[in-house]
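Visitor: Dropping a prediction and its sequence here:
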Amino acid sequence: MPPSAGSQVSRVPAQRTPPEELAPPAVAPAPRQPRRRLRTVLTVVAGVVAALCLTGGVVGYFVYDRATTPDRSAPDVVVDNYLRAFLVDRNDVRASIFICEGSTDLGQLQRLRDDLADREVRFGTTMSTVWGELQVDRDGDNAEVRVNLTFAAQVDGIRQSDRQAWTFTTRLNEDWRVCSATAG
């Protein structure tokens, strides 16, 4: 219906609600700051643990190396170690690290060890080998080491022993080695 001439119609423009994309974004809560203190502490602890492990590994290597390296520092030491490996332990591989490379004259000592093994079988016993003080006569890079070897066993309830004087010739190259052995 059309408005009458005397009436005044006031027109109010229709208001639209703005579209959502025009609306201001909702305020999001501020993100939490990462725990930098915890991260720093964990980094320091990991660094200290890594340093301790590395140090322990290096120290362990040197301790192991020192413990397993044969002592060939002196003529009497090398003879003592050689006798222990060759006559007591009867370990030819271990004994070989104490002898001179190339020319060696250790056949007489080998025959002695073979004789001791034969006696053990023949008498059903175990032969023990001991020695006392090693006397060293050094001349530059060569040295003679004299020692009395004592062989003992119990046969038929009776303890028996034999004592023999031996002379070992040693030589110094990078370290001391046993080159020869003679009885008498």
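Guide: Looks like it arrived, so ask away. Quick caveat: nothing in here was measured; it's all calculated off a predicted structure. Numbers count the residues shown, from 1 in each chain.

Visitor: Return the alpha-carbon coordinates of stretch 151-159 using PDB.
Guide: Below are the C-alpha coordinates for stretch 151-159, written out as PDB (Å, rounded to 0.1, in the frame of the first residue of the first chain):
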ATOM      1  CA  PHE A 151     112.500 -78.500  39.400                       C
ATOM      2  CA  ALA A 152     110.500 -80.400  42.000                       C
ATOM      3  CA  ALA A 153     107.900 -83.200  42.000                       C
ATOM      4  CA  GLN A 154     106.400 -85.600  44.500                       C
ATOM      5  CA  VAL A 155     107.000 -89.200  43.400                       C
ATOM      6  CA  ASP A 156     105.600 -92.100  45.500                       C
ATOM      7  CA  GLY A 157     105.100 -89.700  48.400                       C
ATOM      8  CA  ILE A 158     108.700 -88.500  48.300                       C
ATOM      9  CA  ARG A 159     109.500 -84.900  47.300                       C
END
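
Visitor: Contacts for it next, please.
Guide: By C-beta atoms under 8 Å, 6 or more residues apart in numbering, the residues outside stretch 151-159 that reach it are 116, 119-120, 123, 125-130, 160-164. Quick note: C-beta positions are derived from backbone N, CA and C, even for glycine.

Visitor: If you rank those by neighbours, which is first?
Guide: residue 127 (20 neighbours; other C-beta atoms under 10 Å).

Visitor: close enough to count as contact, it and residue 119?
Guide: Yes: between residue 127 and residue 119 there is a contact at 6.2 Å, judged by C-beta atoms under 8 Å.

Visitor: Can you report how many residues neighbour the nearest residue to residue 99 once chain neighbours are set aside?
Guide: Of all residues not flanking residue 99 in the chain, residue 178 sits nearest, at 5.1 Å (C-beta to C-beta, 6 or more residues apart in numbering). Neighbours of residue 178 under the rule other C-beta under 10 Å: 25.

Visitor: How about the one 3 residues further on?
Guide: Applying other C-beta under 10 Å, we find 24 residues neighbouring residue 181.

Visitor: Many thanks, I have nothing further to ask.
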